[in-house]
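Novice: requesting a structural model of the entry that follows:
(2 chains)
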Amino acid sequence: MQIPGYYEFCNKVRTVSGHKALDKLPEMLASVNSVRPMIITDKGVMGAGLVKPVQQALGTKIKAGGVYDDVPADSDVKTVKDIAAKYRAAKCDSIIAVGGGSVLDTAKGVNILVSEDSDNLMDFVGFGALKRRLKPLVAVPTTSGTGSEMTLVAVIADHEKDVKMLFPSLFLLPDFAVLDSRMTKTLPAALTAFTGMDALTHACEGYTCLSKNPLSDVTAITAIRLISENILKAVKKPGDMNARLALANGSALAGMSFSNSMVGMVHAIGHSIGAICHVAHGICMSILLPYGLEYNLHKTGHLTGELLFPLKGEEVYNSAKPAERPLLAIAAVREMNRELREATGGKHATCLREVVDRDGNMMIPRESLPDIARLSLNDGAMVYNPEELDYNDMLMVLEKAWDGEPLDRKKIRKGKKTSRIKIK
Amino acid sequence: MNINKYPEIKSGGKLVKKIYVAIMLWIVGRAIQAASKVDREVKEEFAALPDDFIMHLHVLPSGPGMIVGKDKNGKVKYMGWNPKGKKITLEMKVKNIEGAILMFTFQESTCIASARSRLAVSGNVPDTMAFIRILNIVETYLLPKIITGLAVKRYPKWSQMNPFRKYIGRVIIYVRTFTF
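Specialist: A predicted model of the protein is given here:
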């Protein structure tokens, strides 16, 4: 096993998980002396009636200082400032974020402004900008994908300047995460599929990229096992509460893993597709994950081979020769995507050309691939990818992912081979 | 508690290591300036960076460091080690001298150093990525393949950097680095 010469790992989120985990909310808030939390959510979550169980759990002793339900799909500076003003006006003393990645990131941004008594988020961009504890933050995820309830980063866009800003700080780790199966029960099948694959990508990239460490490995492997065993169950039978809870746990563990080990080329390309074609992040992840693993095989094939164990179980892992395991692991991810496509009635895309909007229009035209390739080169996740990619490499990967064909491994320009096994 | 009463403790000792890293930073800084005139890819990378781009790479807590950036005329210049009076747009901090030694003896690449939390970066992510690519190209010019292979993920293939470009470029960059 590979031990890095030096690494850092931190996760201090008090986590409660259960079919009625929300019942713990009053006790959690009391432990941080909060009596007036602000609930931050979005219209979709509000419409699905998911804020109600949170309010019910608060009971009569704790009264929310307000509910802000207008968080956009892409967290942005303007919304953060707006909510911070409402938080101050209502004299709130903590935040409960109920939603997916955008809501949780927005809540983290609001927490920066209200804790630092500032109106300028730009002052807190980058590592080390935050120097002290923030107000208590409770994260209640309503998707099983982003893992933001366990991460130390918030990504918030400034649409006026057309940039996405990164706020990484240990102080941004939520104080509490509530994994309650009721909160993801109504998540539609297609969303369950691609958010689950997003979490799987966090874990797989966390396990195979440059910043991996023994602690992130443990969380990644458990996450992959929970997700691969339960994603199809939750998609086929949305009311399977055990599968829902397992997925929520898998997503949280994957978040814990990649928050401490970072991600690579799959995320770099996915971020760029999201920025240019406005495709949901999880869809890009599920399509690109096998390509990322394939591209890096000569560097991290031995690690990809190890993923076969949590992906397909002990029996398949033991019956395969070590040299066969990496390709079987990649095939398992592709098979998972195909099964999810079938289970969602074709809504889960397995290649980039299959990604369509609500009206059935193609969202990623082939002509956009060169722009996506160029933008991907400037994504911070590229630092942590095991192999180098230049513009031509990016374009090659994108074209294959667009067509839905595996990479031609002979065409991959390889640096020094570091995989400990020869791949068949 | 008044934090000003407790000034940061400056590390002492390790003078030889500091001198070594200072010399390496000087060479790399000068070589970047030279490469920006010689190599097409480096030129293009700098052209895409903002006009006020100034990068400060330094070792915590008290140096050494180097500053490279664009001057008023848009020319890439090595600007010494002292950030006073300069508007730094990208700051790359190596957390301690031991981390810097690993980087500048090429036992760890820039990417591995980042992955092992030895580097802290403040600034625009695309600018950081561009600067890492520039560093990789400059290292390819400055160092023999056997050492560069340790410092970059993938040594450029013939199709990316043919020997003619590499060796002629290397001579010119070395000459420009060590002459004024």
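Novice: burial of residue 45, as a residue count?
Specialist: Just so you know, I chose chain A. 23 (other Cβ atoms under 10 Å in any protein chain shown). All C-beta atoms are positioned from the backbone trio N, CA, C, and that covers glycine.
Novice: chain B is the one I meant
Specialist: 21.
Novice: quick one, what contacts it?
Specialist: B:130, B:133-134 (Cβ atoms under 8 Å, 6 or more residues apart in numbering or on different chains).
Novice: using CSV, write out every CA atom in the strand or helix carrying residue A:204.
Specialist: Per DSSP states H and E: residue A:204 is located in helix A:189-208. Once non-C-alpha atoms are left out, helix A:189-208 reads as follows in CSV (Å, rounded to 0.1, in the frame of the first residue of the first chain):
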residue,chain,number,x,y,z
ALA,A,189,-35.2,8.1,-10.7
ALA,A,190,-33.0,10.0,-13.2
LEU,A,191,-31.7,12.4,-10.6
THR,A,192,-31.1,9.5,-8.2
ALA,A,193,-29.1,7.8,-10.9
PHE,A,194,-26.8,10.7,-11.9
THR,A,195,-26.3,12.1,-8.4
GLY,A,196,-25.4,8.6,-7.2
MET,A,197,-22.9,8.3,-10.1
ASP,A,198,-21.5,11.7,-9.1
ALA,A,199,-20.8,10.4,-5.6
LEU,A,200,-19.3,7.2,-7.1
THR,A,201,-17.0,9.4,-9.2
HIS,A,202,-15.9,11.3,-6.1
ALA,A,203,-14.9,8.0,-4.5
CYS,A,204,-13.2,6.5,-7.6
GLU,A,205,-11.2,9.6,-8.4
GLY,A,206,-10.4,10.1,-4.7
TYR,A,207,-9.0,6.6,-4.7
THR,A,208,-6.9,6.8,-7.9
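Novice: packing partners of it?
Specialist: Under the contact definition 3 or more Cβ pairs under 8 Å, 6 or more residues apart in numbering or on different chains; DSSP states H and E, helix A:189-208 sits against helix A:214-236, helix A:241-261, helix A:265-277, helix A:281-295, helix A:297-306, helix A:325-343.
Novice: run the chain-centre distance for that helix.
Specialist: Helix A:189-208 sits 7 Å away from the centroid of its parent chain (Cα atoms, centre = their mean, to the nearest Å).
Novice: what angle sits between it and helix A:281-295?
Specialist: 40 degrees (axes from the mean of the first three to the mean of the last three Cα atoms, to 10 degrees).
Novice: ok, the closest residue to residue A:72 other than its chain neighbours - contacts?
Specialist: Take residue A:72 and drop its neighbours on the chain: the residue closest to it by Cβ to Cβ, 6 or more residues apart in numbering or on different chains is residue A:79, 6.1 Å away. Residues in contact with residue A:79 (Cβ under 8 Å, 6+ apart) are A:70-72, A:106.
Novice: report the buried residues of the strand or helix carrying residue A:79.
Specialist: Secondary-structure element containing residue A:79, defined by DSSP H and E: helix A:77-89. The neighbour-count check on helix A:77-89 (16 or more other Cβ atoms under 10 Å in any protein chain shown) flags A:77, A:79-84, A:86-87 as buried.
Novice: what is the nearest of the residues you listed to residue A:59?
Specialist: Closest to residue A:59 out of those is residue A:87 (21.5 Å), distances taken as Cβ to Cβ.
Novice: for chain B, what are the nearby residues on the stretch 101-250 of chain A?
Specialist: For the stretch 101-250 of chain A, the contact set with chain B under Cβ under 8 Å from any Cβ of the partner chain comprises A:125-129, A:166, A:209-211.
Novice: I'd like to know which of the residues you listed are buried.
Specialist: Buried among those by 16+ other Cβ under 10 Å: A:125-127, A:129, A:209-211.
Novice: okay, now the sheet partners of the helix or strand of chain A with the lowest mean pLDDT, with direction.
Specialist: In chain A, no helix or strand scores lower on mean pLDDT, DSSP states H and E than strand A:163-168, which sits at a mean of 80. Take DSSP bridges as the rule and strand A:163-168 pairs in its sheet with strand A:153-158 (antiparallel).
Novice: and the angle for the partner strand with helix A:241-261?
Specialist: Per the same axes, to 10 degrees, the angle that strand A:153-158 makes with helix A:241-261 is 80 degrees.
Novice: check which residues of stretch A:369-388 are buried.
Specialist: Buried residues in stretch A:369-388, counted by 16+ other Cβ under 10 Å: A:369, A:372-373, A:375-388.
Novice: would JSON lines of the helices and strands packed on helix A:189-208 with mean neighbour count, mean pLDDT and distance to residue A:161 be doable?
Specialist: Output for these, formatted as JSON lines (neighbours: other Cβ atoms under 10 Å in any protein chain shown; pLDDT from 0 to 100; distance: least, Cβ to Cβ, whole Å):
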{"stretch": "helix A:214-236", "mean neighbour count": "22", "mean pLDDT": "97", "distance to residue A:161": "33"}
{"stretch": "helix A:241-261", "mean neighbour count": "27", "mean pLDDT": "97", "distance to residue A:161": "26"}
{"stretch": "helix A:265-277", "mean neighbour count": "24", "mean pLDDT": "93", "distance to residue A:161": "13"}
{"stretch": "helix A:281-295", "mean neighbour count": "26", "mean pLDDT": "97", "distance to residue A:161": "21"}
{"stretch": "helix A:297-306", "mean neighbour count": "24", "mean pLDDT": "96", "distance to residue A:161": "36"}
{"stretch": "helix A:325-343", "mean neighbour count": "20", "mean pLDDT": "97", "distance to residue A:161": "36"}
